[in-house]
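Trainee: prediction below, plus the sequence it came from.
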Amino acid sequence: MTYRDVASKQVLLWACTAVGARMPVAMAPLALVFLVRERPGGYSLGAMLAAAYVIGEILGAPVLGVRLRPERARAHLAVGLATGAAGFAGLGIFPDAHPAVLAVLAFVAGAAPAAATGGLRTLLTHLVPERSAAQALSVESILTAAVWALSPAAVAGLALAVAPGVPLRLAAALMASSVAALWLLPAAWGTEERSDTPLARVLAGAWPVYVTGAASLTLLGLSELVLPALLEQRGIGVGWSGPLLTGMAVGGGLGAFLHGLRSWPGRLRTHSVLLMTGTAVCVTLAALIPHSAGIASALVVGGMLQSAAMLTRNLSLRDALPPRAQAAGYSLMYAAAGAGYAATGSLAGALLRVVAPSTAVLAGVGVTLALSGIGWWGETRRAGRSARDADTTVALGFAGTGPEGPAVGGRGDAERCL
């Protein structure tokens, strides 16, 4: 297995579209803080605007993702991205607007394009041969890691050197460019499948994957949010938090690349548990090691393992859902991961008031491992039930070929009710 099948013009066009759609997402929280930090109570207002943006993402991803249909995917994504671009433009052009207006714009900027992540991921897997789906998702993870590594520096540099609203205007321009780039990609990735099973029921059946997907991002959120306080506790300059997080993002890109180089033996849910456990160990070491070099090493390795764990979640979700539900499933995963990130931030913020930063990290690690265990149990139980159903189906099939023979026309009774 190699990346050869992924190296195509269509995938390159997809990558350009994805950068335009995702760079604004990575820029948004920090850009919103810089936008209003010079106003009275600026940092509190910035946190409120960032929260409005994240809430928009969490609510918009499942609501809009479920409505995304394969046969009209491009139009759906274009409307969402264009509306998101308008929200970002409003924030960048009117930075002195009333806080309530800014909060509404931030919510719209987060909610409107929230289905784009799931839609673009599904489209990517249809642009490559079936055998190269893992490599395609690895490429997506590498691209995402690069975007998240570059975004903080871009936001800080533009906001401080030019003007506070410039990062958000750039975000609007990037998202608008992704709308234009969509028209160079296929308009759809198939046709709507006919099924008697409601889509909501199909999506709910994959709940263990959402749980472990949320768990995989809680450790990332924990590292980002508590790292400055942890460095201060260790007597290390807080300014090192930026380079350390960049190193973690670079490690994530490297981990995604290495994961896609070959096929790995064993079940995906086992891979996920092992990778999540390894990530938890790395974050724990980062909380306990007193030296910056040790913290940096732990975060880089943790980023590599976390990226690979998220890849296994995406592949597991792809296996668990039919094609008609995959875009919605990825959107639900996105919302679950955002909810996990937000919950981790709230937990860390509450704990930092009463315990040391290192203790807060260890508490977050415990929550992550608990979520991973619940997800693994759910996937194991679901796999066992599927195996029993398959055995029952096989047994009924053999029973239908008894002495009386098959039904007229060579079809058994079971087929008449389909």
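Mentor: Everything's here; your move.
Trainee: could you chop the protein up by domain?
Mentor: 9-132+152-187, 199-396 (automatic domain parsing).
Trainee: which of these comes out lowest on mean pLDDT?
Mentor: For those, mean pLDDT drops lowest on domain 199-396, to a mean of 83.
Trainee: centre-most residue in this protein?
Mentor: residue 334 (4.4 Å; Cα atoms, centre = their mean).
Trainee: right, and that residue touches residue 63 too?
Mentor: No: using Cβ atoms under 8 Å, residue 334 is not in contact with residue 63; the gap is 12.0 Å. No exception for glycine: its C-beta is placed from N, CA and C like everyone else's.
Trainee: in the helix or strand where the residue nearest to the centre of the chain lies, which residues are buried?
Mentor: Counting by DSSP states H and E, the element that carries residue 334 is helix 323-351. Using 16 or more other Cβ atoms under 10 Å as the test for burial, helix 323-351 gives 323-345, 347-348, 351.
Trainee: what of stretch 146-163?
Mentor: Applying 16+ other Cβ under 10 Å to stretch 146-163 flags 146, 147, 148, 149, 150, 151, 152, 154, 155, 158, 159 as buried.
Trainee: equivalent analysis for stretch 356-370, please.
Mentor: For stretch 356-370, the neighbour count (16+ other Cβ under 10 Å) marks 357, 358, 360, 361, 362, 363, 364, 365, 367, 368, 369 as buried.
Trainee: separation between residue 317 and residue 25?
Mentor: From residue 317 over to residue 25 the distance is 20 Å, taken as Cβ to Cβ, to the nearest Å.
Trainee: follow-up on the earlier one: residue 261: which of the buried residues of stretch 356-370 is nearest?
Mentor: Ranked by distance to residue 261 (Cβ to Cβ), those are led by residue 368 at 26.8 Å.
Trainee: settle this for me: the closest one is touching residue 218, isn't it.
Mentor: Yes: Residue 368 is within contact range of residue 218, at 4.9 Å (criterion: Cβ under 8 Å).
Trainee: quick one on the thing from earlier: of the buried residues of stretch 146-163, which belong to helices?
Mentor: Of the positions in the buried residues of stretch 146-163, 146, 147, 148, 149, 150, 151, 152, 154, 155, 158, 159 sit in helices, assigned by DSSP state H.
Trainee: contacts only, for the nearest residue to residue 319 once chain neighbours are set aside.
Mentor: Leaving aside its sequence neighbours, residue 319 sits nearest to residue 268 (Cβ to Cβ, 6 or more residues apart in numbering; 7.1 Å). When contacts are counted by Cβ atoms under 8 Å, 6 or more residues apart in numbering, residue 268 touches 312, 315, 316, 319.
Trainee: residues in contact with the second one?
Mentor: It refers to residue 315. So residue 315 contacts 133, 134, 137, 268 (Cβ under 8 Å, 6+ apart).
Trainee: give me that answer again for 7 Å
Mentor: Applying Cβ atoms under 7 Å, 6 or more residues apart in numbering to residue 315 gives the contacts 134, 137, 268.
Trainee: related to what we said a few turns ago, of the buried residues of stretch 356-370, which is the nearest to residue 255?
Mentor: Residue 255 lies nearest to residue 368 out of these, by Cβ to Cβ, at 17.3 Å.
Trainee: got the domains of the chain as JSON lines, with distance to residue 142 columns?
Mentor: Shown next, in JSON lines, are the domains of the chain (distance: least, Cβ to Cβ, whole Å):
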{"stretch": "domain 9-132+152-187", "distance to residue 142": "10"}
{"stretch": "domain 199-396", "distance to residue 142": "5"}
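Trainee: for those, which one sits closest to residue 141?
Mentor: The nearest among the domains of the chain, by Cβ to Cβ, is domain 199-396 at 3.4 Å.
Trainee: burial of the closest residue in space to residue 257 that isn't next to it in sequence, as a residue count?
Mentor: For residue 257, ignoring the flanking residues on the chain, the nearest one in space by Cβ to Cβ, 6+ apart is residue 142 at 5.6 Å. Other residues within reach of residue 142, judged by other Cβ atoms under 10 Å, total 21.
Trainee: any idea which helix or strand carries residue 142?
Mentor: Going by DSSP H and E, residue 142 is in helix 133-161.
Trainee: which helices and strands sit right next to that helix?
Mentor: helix 9-36, helix 116-126, helix 166-182, helix 241-259, helix 292-320 (3 or more Cβ pairs under 7 Å, 6 or more residues apart in numbering; DSSP states H and E).
Trainee: what is the burial count for the closest residue to residue 173 other than its chain neighbours?
Mentor: Nearest residue to residue 173 in three dimensions, chain neighbours excluded: residue 85, at 7.8 Å (Cβ to Cβ, 6+ apart). Neighbours of residue 85 under the rule other Cβ under 10 Å: 25.
Trainee: cool, and residue 233?
Mentor: With other Cβ under 10 Å as criterion, residue 233 counts 15.
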